[in-house]
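[1] Mind looking at a prediction? Sequence and model below.
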Amino acid sequence: NAGVTQTPKFQVLKTGQSMTLQCAQDMNHNSMYWYRQDPGMGLRLIYYSASEGTTDKGEVPNGYNVSRLNKREFSLRLESAAPSQTSVYFCASSAIGTPNGYTFGSGTRLTVV
Amino acid sequence: AQSVTQPDIHITVSEGASLELRCNYSYGATPYLFWYVQSPGQGLQLLLKYFSGDTLVQGIKGFEAEFKRSQSSFNLRKPSVHWSDAAEYFCAVGEKGGGADGLTFGKGTHLIIQP
């Protein structure tokens, strides 16, 4: 089925470890996004990529890096994980110029101990 | 800067009763407005969206929302709720043109359905 695929679905890290969250979409969308969701905070934008080859910081970029590998894939990297990065991470995509909202992946639940 | 306020953190409604979830936004230009629903452990699903034209928009699962520019509001309604409507609901605002720089979300309203 067409959509946004995130891997892994669950992950436990120790403080200081690194990892990369993967996201791929097969809808030929131009824009991709990474959000984090925390209780009582809604969704906050970490980074986004308006088009292939570009990335920009969102509201809460500290401690993260991203790579827009190609039009389909947008990865999020935690170089040195901290307990404050325990969260649920969502990837989303959209097509510029077509106001159809965003398509979200099913999320990655990350715990940093 | 754009912002979204959902004043109600939790709402409890009896099954079969009507529902209204409130959303107020702050945005400098003509906004694109969205309502998403999130079931436990799931991603977000688009319920409905408003871009222009008729200010009353219909969505999936029997939901509708009304855009009121004068009140900067985009409230979500349903005439008769079902137990399966229990979920988290998020209002979001983005820029006209597709929102390439990301949507801004409210903090969500948790809907509880009483039997």
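    Cool, the structure landed. Residues are numbered from 1 along each chain as shown, chains lettered A, B, ... in the order given.
[2] So which residue is dead centre in the chain?
    By default, I'm working from chain A. residue A:34 (2.8 Å; CA atoms, centre = their mean).
[3] ah, I was thinking of chain B
    Most central in chain B (CA atoms, centre = their mean) works out to residue B:35, at 3.3 Å.
[4] Would you mind listing what in chain A touches chain B?
    Applying CB under 8 Å from any CB of the partner chain, we find that chain A lies next to chain B at A:30-31, A:33, A:35, A:40-45, A:48, A:50-51, A:56, A:58, A:90, A:92, A:94-107. For every residue, glycine as well, the C-beta is placed using N, CA and C.
[5] just the buried members of those?
    Neighbour-count burial (16 or more other CB atoms under 10 Å in any protein chain shown) applied to the residues of chain A next to chain B gives A:30-31, A:33, A:35, A:42-45, A:48, A:50, A:58, A:90, A:92, A:94-95, A:99, A:101-107.
[6] just to revisit the earlier point, wait, isn't the residue nearest to the centre of chain A in contact with residue A:46?
    Yes - counting by CB atoms under 8 Å, residue A:34 does reach residue A:46; the two are 4.4 Å apart.
[7] which ones among the residues of chain A next to chain B are found in helices?
    Per DSSP state H, helices hold no members of the residues of chain A next to chain B.
[8] quick revisit: pull up the overlap in contacts between residue A:34 and residue A:46.
    A:58, A:64, A:66, A:76, A:89 (CB atoms under 8 Å, 6 or more residues apart in numbering or on different chains).
[9] residue contacts, the first one?
    For residue A:58, the contact set (CB under 8 Å, 6+ apart) comprises A:33, A:34, A:44, A:45, A:46, A:47, A:48, B:102.
[10] is it true that the fourth one touches residue A:56?
    No - if you go by CB under 8 Å, residue A:45 and residue A:56 don't touch, sitting 9.6 Å apart.
[11] residue ranges for the strands of chain A, please.
    When secondary structure is read from DSSP state E, chain A shows strands at A:4-7, A:10-13, A:19-25, A:31-38, A:42-49, A:56-57, A:64-68, A:74-78, A:87-94, A:103-104, A:108-112.
[12] and of those, who's closest to residue B:59?
    strand A:103-104 (15.6 Å; CB to CB).
[13] neighbouring strands for the closest one, and are they parallel or not?
    Strand A:103-104 pairs in its sheet with strand A:87-94 (antiparallel), by DSSP bridges.
[14] how about low-confidence regions in chain B?
    Scanning chain B with the threshold set as pLDDT under 70 gives B:96-101.
[15] Which residues does stretch B:60-69 contact?
    By CB under 8 Å, 6+ apart, stretch B:60-69 touches B:33, B:35, B:37, B:46-48, B:50, B:55-59, B:73-80, B:85.
[16] Which ones among those residues lie within helices?
    Using DSSP H, none of those sit in helices.
[17] Also within reach of chain A: list those from those residues.
    Among these, chain A is touched by residue B:46 when using CB under 8 Å from any CB.
[18] And the contacts of stretch B:60-69, which of them are buried?
    B:33, B:35, B:37, B:46-48, B:50, B:57, B:59, B:73-76, B:78, B:85.
[19] Can you give me the distance of residue B:87 to chain A?
    In this view, residue B:87 and chain A are 14 Å apart by CB to the nearest CB, to the nearest Å.
[20] Tell me where chain B has strands.
    In order along the chain, chain B carries the following strands (DSSP E): B:3-5, B:10-14, B:19-21, B:24-26, B:31-38, B:44-50, B:56-58, B:64-68, B:73-78, B:87-95, B:104-105, B:109-114.
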